[in-house]
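1. pasting the sequence and the predicted coordinates here, then a few questions.
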Amino acid sequence: GLLNCYDLRFADVSKLLTEEPPYGLGSDVLMYPSSWLKSTGDLGHWELLLKSRALDGQCYVMGVSNARVDSQETVAFGRSSIFGPIGETISVCQDDTKDEIVVATLEKSHSEDVRRRIPLRTSKRRQIYEAMRSRIQAQQDVDRTVE
């Protein structure tokens, strides 16, 4: 699945790609081409969100960022990375200021094993979540009529 850097902040979008049909496309890999800002990268957002999407989707996640050039008006974070389906770091560029190629071998059997041992996809309680969503929407409708 291919998303952009801003999409990384929204778990629902990645779920559409990683959940099994009919709820999603069943992607095993998500890629986020990015020009992630150094300011939020320094706060840990880049790595935390990439790992979170890997954990959410039990899939491989690649964050591909342009190199950091401190003399630019808008400074990118760099740090292209690949994370595995349990959030493990698989590969990271060595120098955030250089154009590098980050390489890793991605094993489908690893993500399948993770999904078997931690069966998030089959244990999701969709009926309960839908009932909760309906109750929230009903309450919001009541609140709007009271206003």
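-> That came in fine, so what should we check first?
2. check the offset of the helix or strand of the chain with the lowest mean pLDDT from the chain's centre.
-> Lowest mean confidence among the helices and strands of the chain (mean pLDDT, DSSP states H and E): helix 120-123, at a mean of 84. Taking the mean of its C-alpha atoms, helix 120-123 sits 18 Å from the chain's own mean (CA atoms, centre = their mean, to the nearest Å).
3. kindly report the same for stretch 63-83.
-> Worked out by CA atoms, centre = their mean, stretch 63-83 lies 17 Å from the chain centre.
4. quick check, central residue of this structure?
-> Nearest to the geometric centre of the chain sits Arg53, at 2.6 Å (CA atoms, centre = their mean).
5. what does the longest helix belonging to the chain contact?
-> Scanning the chain for the longest helix, with DSSP state H as the assignment, gives helix 126-146. Helix 126-146 has contacts (CB atoms under 8 Å, 6 or more residues apart in numbering) with no other residue. All C-beta spots, glycine's among them, are computed from the backbone N, C-alpha and C.
6. point me to the residue sitting farthest from the middle of the protein.
-> Val146 (39.0 Å).
7. separation between it and Pro119?
-> The spacing between Val146 and Pro119, counted by CB to CB, to the nearest Å, is 42 Å.
8. same question for Thr74.
-> Distance from Thr74 to Pro119, by CB to CB: 42 Å.
9. tell me where this structure has helices.
-> Secondary structure of the chain (DSSP H): helices at 11-18, 38-42, 45-57, 108-117, 120-123, 126-146.
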